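S.K.: Give me a model of this one.
(2 chains)
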2 protein chains.
Amino acid sequence: MHEKKYPVVLNPNDPRFLTLRSLQTAQHRLRTGLYLIEGVRHLARAIEHRAPIQSVFLEPSVLVNPLGRKLADRLRMCGIPGVRLSGPLYRQITRAAEPQGIGAVARQRWTPLSVLQVTRSSFWLALESVESPGNLGTTLRTAEAVGVDGVFLLGSDCDPHDPAAVRASMGSLFSQKLIACSSREFSDWARSKQVAIVGSSPKGLLDFRGIRYRWPAALLLGSEKRGLSDQLEEVSDYIVRIPMRGDCDSINVSVAAGVLLFEMSSQRPQT
Amino acid sequence: MHEKKYPVVLNPNDPRFLTLRSLQTAQHRLRTGLYLIEGVRHLARAIEHRAPIQSVFLEPSVLVNPLGRKLADRLRMCGIPGVRLSGPLYRQITRAAEPQGIGAVARQRWTPLSVLQVTRSSFWLALESVESPGNLGTTLRTAEAVGVDGVFLLGSDCDPHDPAAVRASMGSLFSQKLIACSSREFSDWARSKQVAIVGSSPKGLLDFRGIRYRWPAALLLGSEKRGLSDQLEEVSDYIVRIPMRGDCDSINVSVAAGVLLFEMSSQRPQT
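M.R.: Numbers count the residues shown, from 1 in each chain, chains lettered A, B, ... in the order given. Down below sits the predicted model:
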């Protein structure tokens, strides 16, 4: 087993462990541009999509999955540095209910606004602010399933590299174009490229099923609690609403994103 | 403040505290037929929907929300028994990121299969098995938003009274008919009442948008990992599929439920 050659880290004050653990915080992810990937399935998808893996961490006693062991071998052979963590240190890094004993540090990939190609059938998702990283990751997964061209993250609290978002995205994070910019940059870009901005709000006057969407389009969602900001409501070309029954005034934001993404996707022009 | 009259519990071995804590486990919820409700908004909705509250627990030092204090007063005046927990004991019960200092024990309400009324526009949701209580609660919330007549929970691991499910349902748990029965009882009931069973599976041959649903109908979903069982696939009148792009083969189960519930709901006959 190649991973046996990685140095062992047992001391909780070892800088290699402290660096790993620090990537659980938004502040260190922002400062370093790195993030954590954990578990066999996620790491396999990251490699498949050529995510820039910087280093690997293992806990050999729980790394029993044959694919996981193969991945560890492969990374080692490619010269990726790594460490073997003791059980207690590994458990401080993992969020998995059933830890698989393998994870990696990868460099974040962001796509600059300036390189985006817009065609008449382009379809984008823009998130103003999503408080729950689980909801954010779930939404990235749905965005991949409907084949959006990329996801705009407009608020500083939209961190798709939070470990809970990475997990919930089930690997969709690695295959998608992510664009971080301000609300203003987003709306200026949309205007200049004639991309219709479709805002979603309980206050919207249009039933999301009742209209023919104009293309190219970007679906824009606000936060769980506050919805869309006034600023982004103003720049929206339409504001659609998901009609609800009973005394229910809202649904989970990732469910709302899914319902709207699939509806819009069904109206998307063929390329 | 009326809640000051409730006895104080400081000892972690006090049976009143142990009873509360035990309701975090499925086993004790099943044995007692009780469950925990936590937080002001959830408790307010429970009372609004006449959930049978058995007792209340407070942590007066964090109960600062005026509505929360009013609820506590009201429950006390209605003769509902209660306790005041110390901070450390309360924190063992709460799952909230920002605990609000109030919660209750309520009796579970289940609707027997035999009393269900079926009309030509009836719409049901049936869940074979949902592993994540968060996904289950989120799905109950969506089910309320589309106005289903009730939710069947077919597997023993579908526990809508898990604290995480109660939270994610955002109160929808209290307003809905919940029916617990076996897969066989469900399919026999649907057959006898001429309710069309619409199974959902990635293996389904029908695009969920491409068909006209027959009514009354029940949407049937399987578990996150295993999907629908063979047994329930066999009794389904249709099996629909949500088409996906790229190398994405699945979306989150609560998102899938939302997409299908809203599509079917748009075809539901007017009553």
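S.K.: mind showing which ranges of chain A have poor pLDDT?
M.R.: Under the criterion pLDDT under 70, the flagged ranges of chain A are A:1-4, A:271.
S.K.: State the distance from the residue positioned nearest the centre of it to residue B:270.
M.R.: Compute the mean C-alpha point of chain A, and by CA atoms, centre = their mean the closest residue is residue A:160, 3.7 Å away. Between residue A:160 and residue B:270 the computed distance is 42 Å (CB to CB, to the nearest Å). To be clear about C-beta, it is placed using only N, CA and C from the backbone, and glycine gets the same treatment.
S.K.: Spell out which residues of chain A are next to chain B.
M.R.: Residues of chain A lying close to chain B by CB under 8 Å from any CB of the partner chain are A:134, A:138, A:141-142, A:144-147, A:168, A:170, A:172, A:175, A:209, A:242, A:244-248, A:250-252, A:254-259, A:262-263, A:266.
S.K.: Derive a PyMOL selection command for the buried subset of those residues.
M.R.: Here is the PyMOL command that selects the buried residues among the residues of chain A next to chain B (16 or more other CB atoms under 10 Å in any protein chain shown):
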select buried, chain A and resi 134+138+141+142+144+145+146+168+170+172+175+209+242+244+248+250+251+252+254+255+256+257+258+259+262+263
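S.K.: How about the contacts made by the residue lying closest to residue A:153 once chain neighbours are set aside?
M.R.: Once flanking residues are discounted, residue A:153 sits nearest to residue A:180: 5.2 Å by CB to CB, 6 or more residues apart in numbering or on different chains. Neighbouring residues of residue A:180 by CB atoms under 8 Å, 6 or more residues apart in numbering or on different chains: A:110, A:152, A:153.
S.K.: for the closest residue to chain B within the stretch 1-150 of chain A, phi and psi?
M.R.: Proximity of the stretch 1-150 of chain A to chain B (CB to the nearest CB) peaks at residue A:147, 3.4 Å away. Residue A:147 has phi and psi values of phi 80, psi 40 when expressed as degrees, to the nearest 10.
S.K.: how close does the residue lying closest to it once chain neighbours are set aside sit to residue A:60?
M.R.: Among residues not flanking residue A:147 along the chain, residue B:245 sits closest, at 3.4 Å (CB to CB, 6+ apart). Separation of residue B:245 from residue A:60 (CB to CB) stands at 38 Å.
S.K.: Please apply the same query to residue A:229.
M.R.: Using CB to CB, residue A:229 is found at 49 Å from residue A:60.
S.K.: Name the surrounding residues that touch stretch A:61-74.
M.R.: For stretch A:61-74, contacts defined as CB under 8 Å, 6+ apart pick out A:1-3, A:40, A:43-44, A:47, A:56, A:58, A:82, A:87, A:90, A:99-102.
S.K.: so of those residues, which ones are in strands?
M.R.: Judged by DSSP state E, the subset of the contacts of stretch A:61-74 located in strands is A:56, A:58, A:82, A:102.
S.K.: now that we have those residues, which one has the most neighbours?
M.R.: The residue in these with the most neighbours, by other CB atoms under 10 Å in any protein chain shown, is residue A:102 (30 neighbours).
S.K.: what about the closest residue to that one other than its chain neighbours, how many residues close to it?
M.R.: Leaving aside its chain neighbours, residue A:102 sits nearest to residue A:68 (4.8 Å; criterion: CB to CB, 6+ apart). If you count neighbours by other CB under 10 Å, residue A:68 ends up with 21.
S.K.: Mind telling me what element residue A:68 is part of?
M.R.: If you go by DSSP states H and E, residue A:68 is part of helix A:66-77.
S.K.: repeat for residue A:131
M.R.: Per DSSP H and E, residue A:131 falls between elements, in no helix or strand.
S.K.: got it, and residue A:151?
M.R.: Assigned by DSSP H and E, residue A:151 belongs to strand A:150-153.
S.K.: What strands flank that strand, and is each parallel or antiparallel?
M.R.: Strand A:150-153 has the following sheet partners, assigned by DSSP bridges: strand A:123-127 (parallel), strand A:178-180 (parallel).
S.K.: So chain A: which segments form each domain?
M.R.: Domain ranges of chain A: A:2-107, A:113-266, per automatic domain parsing.
S.K.: Out of these, which is the most enclosed?
M.R.: When you average the neighbours per residue for each of these (mean count of other CB atoms under 10 Å in any protein chain shown), domain A:113-266 leads with a mean of 20.
S.K.: so how far is that one off the chain centroid?
M.R.: Mean-position distance between domain A:113-266 and its chain equals 12 Å (CA atoms, centre = their mean, to the nearest Å).
S.K.: No further questions, thank you.
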